[in-house]
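Asks: I would like the atomic coordinates for the input below:
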Amino acid sequence: MTKNYLKLQFYSLPRNQAFARDAVAAFCLELNPSLSDLSDVKTAVSEAVTNCTVHAYRGNLGLVTVECEVEDDKLHIKISDTGKGIPDVAKAVQPFYTSLPSDERSGMGFTIMQTFMDEFSVNSIQGEGTVVYMSKSFSKDVENA
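Replies: So this is what the prediction gives:
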């Protein structure tokens, strides 16, 4: 299989979360994902884009960039913003941690991304933004190969 690449850039508007989720899902269809794997990817992307909208820009308009690459049987996803950044990434990725408890946030976004994807990491610099890297492998169905 040849490599394939996708780059999307859009405003941090809540209505763009579904667009990003569906675009990435359509992009990875060439990997012939199961419905469960497709759902995992869509959920992880939705959580990452939601974080950009809610936390990075906090009601201000900013850009969210989604980049995807297919390589062999693996989907790589990079979602980035140029928002406020995360002061303590190690703390932020802990289950149930939220920087906005008054907004009734569950603090499970990063945990969901980690659970649904095979690889996950976060890099952030205060005042410059955050980048989330995720990857998922799609195993070939041996019986149907």
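
Asks: how about the helices in this protein?
Replies: Under the criterion DSSP state H, the chain contains helices at 16-27, 35-51, 89-92, 109-116.

Asks: how much distance is there from the first one to the middle of the chain?
Replies: Taking C-alpha atoms, centre = their mean, to the nearest Å, one finds the center of helix 16-27 at 10 Å from the center of the full chain.

Asks: go on, the second one?
Replies: In terms of C-alpha atoms, centre = their mean, the gap separating the centre of helix 35-51 from the centre of its chain is 7 Å.

Asks: Not counting its own residues, what contacts it?
Replies: 14, 16-18, 20-22, 24-25, 28, 33, 64, 66, 75, 77, 79, 109-110, 112-113, 116-117, 130, 132, 134, 136, 138 (C-beta atoms under 8 Å, 6 or more residues apart in numbering). Any C-beta I mention is one placed from the backbone N, CA and C, and that applies to glycine too.

Asks: now swap in the first one and tell me
Replies: The set of residues that contact helix 16-27 without belonging to it, under C-beta under 8 Å, 6+ apart, is 4, 6, 8, 10, 38, 41-43, 45-46, 49-50, 53, 64, 66, 68, 70, 75, 77.

Asks: circling back to that earlier point, nearest approach to residue 57 belongs to which of the helices of the chain?
Replies: Nearest to residue 57 among these is helix 35-51; the distance by C-beta to C-beta comes to 10.2 Å.

Asks: Dump that closest one to PDB, keeping only the CA atoms.
Replies: Listed next in PDB are the C-alpha coordinates belonging to helix 35-51 (Å, rounded to 0.1, in the frame of the first residue of the first chain):
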ATOM      1  CA  LEU A  35     -16.800  -0.700  12.700                       C
ATOM      2  CA  SER A  36     -15.300  -0.900  16.100                       C
ATOM      3  CA  ASP A  37     -11.900   0.500  15.000                       C
ATOM      4  CA  LEU A  38     -13.600   3.200  13.000                       C
ATOM      5  CA  SER A  39     -15.700   4.200  16.000                       C
ATOM      6  CA  ASP A  40     -12.500   4.300  18.100                       C
ATOM      7  CA  VAL A  41     -10.800   6.600  15.600                       C
ATOM      8  CA  LYS A  42     -13.800   8.900  15.400                       C
ATOM      9  CA  THR A  43     -14.100   9.100  19.200                       C
ATOM     10  CA  ALA A  44     -10.400   9.900  19.700                       C
ATOM     11  CA  VAL A  45     -10.400  12.600  17.000                       C
ATOM     12  CA  SER A  46     -13.600  14.100  18.400                       C
ATOM     13  CA  GLU A  47     -12.000  14.200  21.900                       C
ATOM     14  CA  ALA A  48      -8.800  15.900  20.600                       C
ATOM     15  CA  VAL A  49     -10.700  18.500  18.600                       C
ATOM     16  CA  THR A  50     -13.000  19.200  21.500                       C
ATOM     17  CA  ASN A  51      -9.900  19.800  23.700                       C
END
